[in-house]
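In: Test case, fold it:
(4 chains)
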There are 2 protein chains.
Amino acid sequence: MRRTKEDAARTRRAIMAAALKTFSKQGIARTTLESIARAAGVTRGAVYWHFANKRALVQAIRDDVSLPLIDQIDFTLLKQKDMPPLERIERFLVGLIEAVERDSRTRVTFEVMSFKCEYVDDLARELREYGRKNDRLRETLTKVYKEAQAGLRPGVEPDLAALETVTFLAGLLRLWLMDRHATGVRGHARALIAAHVAGRRAA
Amino acid sequence: MRRTKEDAARTRRAIMAAALKTFSKQGIARTTLESIARAAGVTRGAVYWHFANKRALVQAIRDDVSLPLIDQIDFTLLKQKDMPPLERIERFLVGLIEAVERDSRTRVTFEVMSFKCEYVDDLARELREYGRKNDRLRETLTKVYKEAQAGLRPGVEPDLAALETVTFLAGLLRLWLMDRHATGVRGHARALIAAHVAGRRAA
DNA sequence: GTATATACAATCACCCATGTATGTAACAGC
DNA sequence: GCTGTTACATACATGGGTGATTGTATATAC
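Out: Prediction:
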């Protein structure tokens, strides 16, 4: 029965995919490791082999989409020095929306993390981690807004503007994810982003 | 053992309070009706007497803070005709922040609904309900922004502005609730609200 | 003053999830 | 080609929650 390393990696991915799908349907708490295993075509033994418990599985799924995204964010905001700062911020926001539009794994993972996860006990640290990510994003945005200061509308302070953008993004993502039939935010995401950035740009 | 009607109402409230506290600590899914009953000083029999099941309890708790809040929102936005429209919007936003600042029951309920609840199966309808509330709020805000149209910054469309405000509010509340030690949004909520409204007001 | 409905408490039967321990077959190194 | 380890499957022990049923004492209605 023993498989090769590639086989093992494939079952690991299969378990993660099955878990994500089941989490999305039933929520994390109500999902049993047994049902995940069944959906992945393995037994609980395989799940316990690859992951210590459900929490480790959740974290793996989350890191799987979160870590690459963070890299992309840092690149867009900080490394693209040839692009004007405000445009970089707009690109960053659009990039995130495009990520959830394009990649269903990213989208479903965000859905699960936003609406199908109870942040208590061991999971509570995940929430604090999310808070720290927001703090870092805010600092990064502050730098970018300071770069753009000459082009900012009078009265717009980089520090507060960064906080506004973080707030805007949190709301945008949340409402985008909720709007499953594109009657609300989903159809106007680009317009909202453009308006948000335009509101900070000097006239 | 039979109590009077006031006694019964008091145990009902005690159960709801105990449930809210326990939900906040352990999340909804991991909270057993037994532990709720213990925290309220009754047995599961009492809980099942007052509520059909856990879902009904959740809904009762949610309605308990949500319904009065909606009344207050409608009043602030629509009935205060003596106040200029943009100021009414600002008041409305500040009012919500004040509500979660002032009333711990409201705050904890929002925390539970935001971070300690899995919206699946029967609870999924609660999420759709929340979506509909957002839609109604958006419509209401559109009316108010239309009222304010003469005082709006050129280029600001009432329809999009309403959507922006709903988005802003969603993000604001979420980040405010997450910011448990007031290092981020919690200390700047008023400034954020003022900036949001100012960004839409004609210079 | 009695009957009935109320407001719970106590008990029961059932199922289900978790973690762990053990079994086992195949691969990978030598 | 033997061996130890990997990658699982199977089996077991345990605990805990739910819903339903039954019991019961007291308001409350008449």
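In: Can you report how many residues neighbour the nearest residue to A:L172 once chain neighbours are set aside?
Out: Distance criterion CB to CB, 6 or more residues apart in numbering or on different chains; nearest residue to A:L172, sequence neighbours excluded, is B:T167 at 5.4 Å. Just so you know, the C-beta spots here come from the backbone N, C-alpha and C atoms, and that holds for glycine as well. Number of residues near B:T167 (other CB atoms under 10 Å in any protein chain shown) recorded here: 29.
In: any weak-confidence spans in chain A?
Out: A:1-2 (pLDDT under 70).
In: In it, what residue comes closest to chain B?
Out: Nearest residue of chain A to chain B: A:G171, at 2.9 Å (CB to the nearest CB).
In: wait, doesn't that residue sit right on B:L172?
Out: Yes. Applying CB atoms under 8 Å as the test, A:G171 and B:L172 come out as touching, 7.1 Å apart.
In: Pull out the buried positions in the longest helix out of those in chain A.
Out: Criterion DSSP state H: the longest helix present in chain A is helix A:124-147. By 16 or more other CB atoms under 10 Å in any protein chain shown, the buried positions in helix A:124-147 come out as A:126-127, A:130-131, A:134, A:137-138, A:140-142, A:144-145.
In: what's the closest of the residues you listed to DNA strand C?
Out: Using CB to the nearest atom of the strand, A:E126 is the member of the buried residues of helix A:124-147 that lies nearest DNA strand C, at 16.6 Å.
In: I'd like the distance between the closest residue to A:I70 other than its chain neighbours and A:L69.
Out: Nearest residue to A:I70, sequence neighbours excluded (CB to CB, 6+ apart): A:K133, at 7.3 Å. Here A:K133 is placed at a distance of 10 Å from A:L69 (CB to CB, to the nearest Å).
In: A:V42 too?
Out: 28 Å.
In: same check, this time on A:R38
Out: From A:R38 to A:L69 the distance is 30 Å (CB to CB).
In: More neighbours: which of these two?
Out: Between A:R38 and A:L69, A:L69 has the larger neighbour count (other CB under 10 Å), namely 18 against 14.
In: which residues does that one contact?
Out: A:L69 makes contacts with A:96, A:99, A:106, as judged by CB atoms under 8 Å, 6 or more residues apart in numbering or on different chains.
In: again, but for A:S35
Out: Residues in contact with A:S35 (CB under 8 Å, 6+ apart) are A:22, A:26.
In: secondary structure class for it?
Out: Put simply, A:S35 is helix when judged by DSSP: H, G, I helix; E, B strand; the rest coil.
In: Show me the helices in chain A, by range?
Out: With DSSP H as the criterion, chain A has helices at A:5-26, A:33-40, A:44-50, A:54-74, A:85-102, A:104-115, A:124-147, A:158-178, A:189-198.
In: could I get the ones you listed as TSV with distance to DNA strand D?
Out: Shown next, in TSV, are the helices of chain A (distance: least, CB to the nearest atom of the strand, whole Å):
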stretch	distance to DNA strand D
helix A:5-26	3
helix A:33-40	7
helix A:44-50	2
helix A:54-74	14
helix A:85-102	29
helix A:104-115	20
helix A:124-147	19
helix A:158-178	27
helix A:189-198	39
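In: Return the most buried member of those helices.
Out: helix A:158-178 (a mean of 22; mean count of other CB atoms under 10 Å in any protein chain shown).
In: for that helix, packing partners?
Out: Secondary-structure packing of helix A:158-178 (3 or more CB pairs under 8 Å, 6 or more residues apart in numbering or on different chains; DSSP states H and E): helix A:85-102, helix A:104-115, helix A:124-147, helix A:189-198, helix B:124-147, helix B:158-178, helix B:189-198.
In: now for the last one, which elements pack on it?
Out: Just to be clear, that refers to helix B:189-198. helix A:158-178, helix B:85-102, helix B:158-178.
In: Looking at the ones you listed, spot the one closest to DNA strand C.
Out: Using CB to the nearest atom of the strand, the helices and strands packed on helix B:189-198 put helix A:158-178 closest to DNA strand C, at 25.0 Å.
In: Okay, angle between that closest one and helix B:104-115 too, please.
Out: Counting by axes from the mean of the first three to the mean of the last three CA atoms, to 10 degrees, helix A:158-178 lies at 70 degrees to helix B:104-115.
In: Helix A:158-178 vs helix A:124-147, what angle?
Out: Angle, helix A:158-178 to helix A:124-147, by the same axes, to 10 degrees: 130 degrees.
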